[in-house]
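Q: Here's my sequence, what's the structure:
(2 chains)
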Amino acid sequence: MRYSEMFLPTGREVPSDAEVISHQLMIRAGMIRKLTSGIYTYLPLGYRVIRKLEQIIREEMDKAGAQEVHMSMVQPAELWQESGRWDHYGKELLRFRDRHDHEYCLGPTHEEVITSLVRNDIKTYRQLPRNLYQIQTKFRDEVRPRFGMMRCREFGMKDAYSFDVDEESAEKSYERMFNAYRNIFNRCGLKFRPVEADSGSIGGKYSHEFMVMADSGEDAMIVCEKCSYAANLEKAEVACPEKKIIYEDDWLPLEEINTPNARTIEEVSDFLKVNPQDIVKTLIFNGDGKPYAVLIQGYQEVNEIKVKNYLGVTDLELASDEMVEKVTGAPKGFAGPVNIKIPVLVDYSVIDMVNFVTGANKEDYHFKNVNIGRDFKVEAFTDLRFVKPEDHCPRCGGKIKFVRGIEVGHVFKLGTKYSKAMKATFLDKDGQEKIMIMGCYGIGIGRTVAAGIEQNHDENGIIWPMPLAPYHVIIIPVNVNEISLRETAEYLYNSMITEGIEVIFDDRDERAGVKFKDADLIGIPLRITVGRKDLAQGNVELKIRRTGENKLLSLEEAVSHVKGIIEEELNSNIT
RNA sequence: CGGGGCGUAGCGCAGCCUGGUAGCGCGCCUGCUUUGGGAGCAGGAUGUCGAGUGUUCAAAUCACUCCGCCCCGACCA
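A: Next comes the predicted model:
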């Protein structure tokens, strides 16, 4: 492509609302423009990169036995009512009515549509397993879109769905996808890591997120420095501490003490002159309308996701003030486990504690010397808190490290959540009707491109890995008004096109500096400069964007040399 | 949804406090010079000052309402 004919508005300055580097560079490099909050237009350069990524995904998905389909973005409410998500998805689901007053939504994901497709056309175990995928625009009405391509409302996603006859087979499907994802991100030249993740209300023991390491990432996770354990902070387990032997002789008599206006852990610890570690926090949660008490050591924080998963409820939130008063008989801030009439869940952090402080379920009073077993009954001891930096790896006991990442992919084992609700069944060998086991697998397209930029840039701009690069080479004649330079560049350009090389010919009548800056900014991996001095010797200059390395190539060898580098880099990560 | 901030030329910003008819840099257009890392000189174009209402002789500036955008938090299959 001739630069002079391209729609490639590059810029020196960035809009003030671009916070992260990938967002700034995508705007400066003329890849994207914002239409409105969380919604972007891809310009030609940006769209080429998107298509490169999509093509890699297609190749690897096909290799893994998946087949591409294309489902509609508009989905009827009926399907969502059938799966139960019409009521549960919340405001992220953009709903609307057509002229006949029928209800629809814009698809944030496609489990319902794919399940309805498959249940009608797959009837027997002979047709299973199957894996279908699509690359589609999704819409999620995010509360707060941010970070450019990282969290959009409208965004491209590759989503795949697998259907299997049983757990064992489903596990194989999951593994195939897991491996396909590794291949995809490897080919993109990304440094990433699969981590264990929460699977949300979907349940199932398997869920991995593919995280691209980046400080600007939205997700916090922990990685073990010793073993391979890595997990999203939401999911990261805390090992059950070894239970110390508790001597009942050490128990002091329960004591009620006046603690006027001391509600928070800090206030109570200041007032009673005790460490937060000796106080037990009692939080009242509302799980699907029922109250639960969660006990945790004062310094720790409750991970609601763990509570939610433990209880198996659909909705979990901190109880309202009214609910707290109803179940504890006291205003917020004085809840405790003694004499409470709701289930009491206790985090491992409380397991060894003796003679601790809790609320007394009475305004302005706390108990001292509370002890488990004597003063209240425990429904369950389990892991309910967030990991802290001083914790150890739950697998091997090694040191853990907190890092940040961008979630570019997620593989889920869905189980029968949708197939059961929507009756996706088949007949097995024995003529028995069975429910299909499903899995779903997503990759955020725009996000992956942004992650690629986060990991591949310098102060001059983007440095595309060859497989994602919108063009492989850019040819710059230093001065187009010098006929010999222009014609040589033109000759190289035509030769490269003949060779099938994706090339930009910067034929603009601009100063060399401007063209160099633009070439660096848009991140083209290879640059051929045609200058007077070198050309006099029959040479042109090759510059490698990533390393800054320069070398002279004779006119004759230039095209084949460049082609060799491109092919090598394109194929290097294909397995 | 709670807290904070912003909205003035394509982009980045000043002007607002203290009301008097809008400016700077980059970019853009024309000409000349220049030509290996975002050139120099000269000339030029570009604004319903986010919208509405009010106060005032007079509003970018003050007040109220609305809209949009951003940040922090809450939320997030």
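Q: From now on I want contacts and neighbour counts done on CA atoms only, so please keep to that.
A: Will do.
Q: so which helix or strand takes in the residue in the stretch 301-450 of chain A positioned nearest to RNA strand B?
A: Going by CA to the nearest atom of the strand, RNA strand B is nearest to residue A:442 of the stretch 301-450 of chain A, at 5.8 Å. Assigned by DSSP states H and E, residue A:442 belongs to strand A:437-444.
Q: mean confidence for that strand?
A: The predicted model gives strand A:437-444 an average pLDDT of 95.
Q: I'd like the next helix or strand past it.
A: Heading C-terminal from strand A:437-444 (DSSP H and E), you reach helix A:445-455.
Q: can I get the CA coordinates of that following helix in PDB?
A: What follows is helix A:445-455, C-alpha atoms only, in PDB (Å, rounded to 0.1, in the frame of the first residue of the first chain):
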ATOM      1  CA  ILE A 445      -9.900  -9.900  20.500                       C
ATOM      2  CA  GLY A 446      -9.300  -6.200  21.100                       C
ATOM      3  CA  ARG A 447      -8.000  -6.900  24.500                       C
ATOM      4  CA  THR A 448      -5.400  -9.300  23.200                       C
ATOM      5  CA  VAL A 449      -4.200  -6.700  20.700                       C
ATOM      6  CA  ALA A 450      -4.000  -4.100  23.500                       C
ATOM      7  CA  ALA A 451      -2.100  -6.600  25.700                       C
ATOM      8  CA  GLY A 452       0.300  -7.200  22.800                       C
ATOM      9  CA  ILE A 453       1.100  -3.500  22.700                       C
ATOM     10  CA  GLU A 454       1.500  -3.300  26.500                       C
ATOM     11  CA  GLN A 455       4.200  -5.900  26.200                       C
END
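Q: so who does residue A:332 touch?
A: By CA atoms under 8 Å, 6 or more residues apart in numbering, residue A:332 lies in contact with A:263, A:321, A:324-325.
Q: Is it correct that residue A:161 falls within a strand?
A: Yes: counting by DSSP: H, G, I helix; E, B strand; the rest coil, residue A:161 is part of a strand.
Q: in the sheet, who's paired with it?
A: Here residue A:161 sits in beta bridges with residue A:132, residue A:440, going by DSSP bridges.
Q: In terms of pLDDT, where does it sit?
A: In this prediction, residue A:161 carries a pLDDT score of 97.
Q: Can you tell me how far it is from residue A:3?
A: To residue A:3, residue A:161 is 41 Å away according to CA to CA, to the nearest Å.
Q: Contacts only, for the residue of the stretch 101-250 of chain A found nearest RNA strand B.
A: In the stretch 101-250 of chain A, the residue that lies nearest RNA strand B is residue A:146 (4.4 Å; CA to the nearest atom of the strand). Going by CA under 8 Å, 6+ apart, residue A:146 touches A:38, A:152.
Q: and what of residue A:119?
A: Here residue A:119 is in contact with A:423-425 (CA under 8 Å, 6+ apart).
Q: helix, strand or coil for it?
A: Under three-state DSSP, residue A:119 comes out as helix.
Q: Next, count neighbours for residue A:15.
A: 10 (other CA atoms under 10 Å).
Q: ok so, going back, give me the nearest residue to the residue of the stretch 301-450 of chain A closest to RNA strand B, chain neighbours excluded.
A: Excluding its sequence neighbours, the residue lying closest to residue A:442 (CA to CA, 6 or more residues apart in numbering) is residue A:159, at 4.4 Å.
Q: Would you mark the buried spots in stretch A:457-467?
A: Buried residues in stretch A:457-467, counted by 16 or more other CA atoms under 10 Å: A:457, A:461-467.
Q: Secondary structure, pLDDT and distance to RNA strand B for the residues you listed - can I get that in TSV?
A: Shown next, in TSV, are those (DSSP: H, G, I helix; E, B strand; the rest coil; pLDDT from 0 to 100; distance: CA to the nearest atom of the strand, whole Å):
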residue	secondary structure	pLDDT	distance to RNA strand B
A:457	strand	95	13
A:461	strand	96	8
A:462	strand	97	11
A:463	coil	97	12
A:464	coil	98	15
A:465	coil	97	18
A:466	coil	97	19
A:467	coil	97	22
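Q: Would you check which pair of those lies furthest apart?
A: Across the buried residues of stretch A:457-467, no pair lies farther apart than A:461 and A:467, at 17.5 Å, counting by CA to CA.
Q: Please, where are all the strands along the stretch 451-575 of chain A?
A: Applying DSSP state E, counting those that start in this stretch to the stretch 451-575 of chain A gives strands spanning A:457-458, A:461-462, A:473-477, A:503-505, A:526-530, A:539-544, A:550-554.
Q: Most neighbours of all the contacts of residue A:119, which one?
A: Counting by other CA under 10 Å, top hit in the contacts of residue A:119: residue A:424 with 25 neighbours.
Q: What is the lowest-mean-pLDDT helix or strand in chain A packed up against?
A: Counting by mean pLDDT, DSSP states H and E, chain A has its least confident helix or strand at strand A:316-318, which shows a mean of 83. Applying 3 or more CA pairs under 8 Å, 6 or more residues apart in numbering; DSSP states H and E, we find strand A:316-318 packed against strand A:280-287, helix A:304-311.
Q: what comes up buried for the last one?
A: The one in question is helix A:304-311. A:304-309.
Q: Is that helix in proximity to RNA strand B?
A: No: Helix A:304-311 stays clear of RNA strand B (CA under 7 Å from any atom of the strand), getting no nearer than 7.7 Å.
Q: Tell me which other helices or strands that helix touches.
A: So helix A:304-311, by 3+ CA pairs under 8 Å, 6+ apart, packs with strand A:316-318.
Q: any idea which helix or strand comes after the strand it packs on?
A: Next along from strand A:316-318, by DSSP H and E: helix A:321-328.
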